[in-house]
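Asks: here is a sequence with its predicted model. Questions after.
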Amino acid sequence: MTHISEHYFETERHRSFYLAAGPEDGPKIFFLHGWPELSLSWRHQLKVFGGLGFRAIAPDMRGYGKSCVYTQHSDYALREVVEDMRELHAGLAAGPVLWVGHDWGSPVVWSIAKHSPELVCGLVSLCVPMGLEEGLSTKLINRKLYPKKEFPAGQWDYMLFYLESFDVATEQMESNPGGLIKMMFRKGDRSSKGTRSPTASTRANGGWFIDGGFPDLPLDEDVLSSEEFLVYEESLKQNGFFGPNSWYMNHELNREFSREGNDQVFLDLPVLFIHAEYDLVCETVDSELANPMREKCKNLTEEVLHAGHWIAQEKGAEVSAAIAEWLVMKMDYWPAPK
C-alpha cells in the first residue's frame, strides 16, 4: 500500500505542512484544498497517484492544520496564497507541474496559471470554475432559481454574511466545530438537484441555520471516517475559524490581483474541470457559471460525477480515475518506466 508521509517546508515568510506520497523524483502533482478542509482531504488521490509513480503533494493551506496561521484578513488574499505555492514549488519541484484544486483551492490554481504560467503544465479544478479568483460576482446567478428581488446574491448570500457579520459567523462555527463538520461533509443527494442552496438564506437566518445553530446530525461515513472526523475537529478547535473564514474577506484585493494576470495562458493550457452534479452552491451542470471558463479555456475537458461538493472525498476513486484518464488522453505527463 502506498505510504503517505508528513513534511514541513519553511521560508522566511511562511511555513507549509504537507502530505506526500510516491517517489521524490516522480512527476509532481500539487493538490490544493478549500474551506474548511485539510491536506487530508486528498488522501484518496495521494494514494492513487503516489502508487502510480507521481510525487503527489497536498499542503495544509495557510490558516489550516499545521501550516502558519495569520491574524489579518488581508493575510489570506490570493496574492499571499499564490506566493506560498510558488515557494513550495521552488522547494519541491522544478519546471511546470500539474495543479489540482477544489473549493478555494480552485481559485488558487487558476491564479497560479494566470500569474506564473511557467509553473503549470496542466490544471484540474473540482467544482469551482474560473471566476471566483476575480472576486464575488452576481452576474451568472440562475435567476429562475434565485429571483433577484428575493435572493439578490443568490447562492452566494453566505459570502455577504461573512462581509457583514464576520465575528458572528466565526463565533457560531467555533462554538461547535464538530457539528459544523458533520453538517458540511455529507455526500450528494440526487433529490436535491434543481433546488435552492440553503446558503441563499444565510443572512435572513442569521447564520448557516436559523439563529446560527447546527443540527445534531450523525457523521456521514461515506465522506469521513470517525478517525478522519477527529483530525478535522481537533484542527479546527486548535486554529479556530478566523483564518479559514478570512479567505472570504478579500474580494477587492483578489479582483485587483486577478487583473494583473494573463488569461492568454488558457488558450493552450490543458484543463480538466470536474463537475459535481449535486453541488447546490457551485451548481455548474445546469447553470451558466462555467461559461467564462469555456470561453477562455480552449483545451478544456469536462467530466460530470454524481456527487456533492466534497467530491474528492465522496468519490475518491472516480475523481482519481477521471484525472488519470485525462492525463493519458490529453497530456504527456506520466512517470517514466523504471
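Replies: In hand now; what should we look at?
Asks: what about G26, how many residues nearby?
Replies: 18 (other CB atoms under 10 Å). Every residue, glycine included, has its C-beta placed from N, CA and C.
Asks: those helices in the protein, which residues are they?
Replies: Assigned by DSSP state H, the helices in the chain fall at 43-51, 78-92, 105-115, 157-175, 177-184, 202-205, 226-239, 242-246, 251-259, 291-296, 311-314, 316-330.
Asks: would you format those as CSV with mean neighbour count and distance to I4 included?
Replies: Formatted as CSV, the helices of the chain follow (neighbours: other CB atoms under 10 Å; distance: least, CB to CB, whole Å):
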stretch, mean neighbour count, distance to I4
helix 43-51, 22, 5
helix 78-92, 19, 15
helix 105-115, 26, 18
helix 157-175, 17, 28
helix 177-184, 20, 21
helix 202-205, 17, 35
helix 226-239, 15, 13
helix 242-246, 22, 23
helix 251-259, 17, 31
helix 291-296, 16, 31
helix 311-314, 26, 15
helix 316-330, 17, 13
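Asks: among the ones you listed, which is nearest P129?
Replies: Closest approach to P129 among those (CB to CB): helix 291-296, 4.2 Å.
Asks: which strands or helices does that closest one pack on?
Replies: If contacts are counted by 3 or more CB pairs under 8 Å, 6 or more residues apart in numbering; DSSP states H and E, helix 291-296 sits against no helix or strand.
Asks: one step back: the helices of the chain into CSV, with extra columns for distance to I57 and mean pLDDT?
Replies: Listed next are those as CSV, based on distance: least, CB to CB, whole Å; pLDDT from 0 to 100:
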stretch, distance to I57, mean pLDDT
helix 43-51, 8, 98
helix 78-92, 6, 98
helix 105-115, 13, 98
helix 157-175, 28, 96
helix 177-184, 24, 94
helix 202-205, 34, 93
helix 226-239, 18, 98
helix 242-246, 21, 98
helix 251-259, 24, 97
helix 291-296, 25, 96
helix 311-314, 15, 98
helix 316-330, 14, 97
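Asks: out of those helices, which comes closest to H275?
Replies: helix 311-314 (8.8 Å).
Asks: quick one: list the elements packing against that closest one.
Replies: helix 43-51.
Asks: how much space between the residue lying closest to H306 once chain neighbours are set aside and G101?
Replies: Take H306 and drop its neighbours on the chain: the residue closest to it by CB to CB, 6 or more residues apart in numbering is E277, 5.3 Å away. E277 sits 19 Å away from G101, going by CB to CB, to the nearest Å.
Asks: what pLDDT does the model give D25?
Replies: Note for D25: predicted pLDDT of 96.
Asks: that should have said G206, apologies.
Replies: Predicted confidence (pLDDT) for G206: 90.
Asks: and for it, the neighbour number?
Replies: 17.
Asks: same question for M331.
Replies: For M331, using other CB under 10 Å, the count is 14.
Asks: who touches stretch 3-16?
Replies: Residues from elsewhere that reach stretch 3-16 (CB atoms under 8 Å, 6 or more residues apart in numbering): 17-21, 43, 46-47, 50, 59-60, 62, 66-68, 83-84, 87-88, 91-92.
Asks: give the buried residues for it.
Replies: For stretch 3-16, the neighbour count (16 or more other CB atoms under 10 Å) marks 4, 9, 14, 16 as buried.
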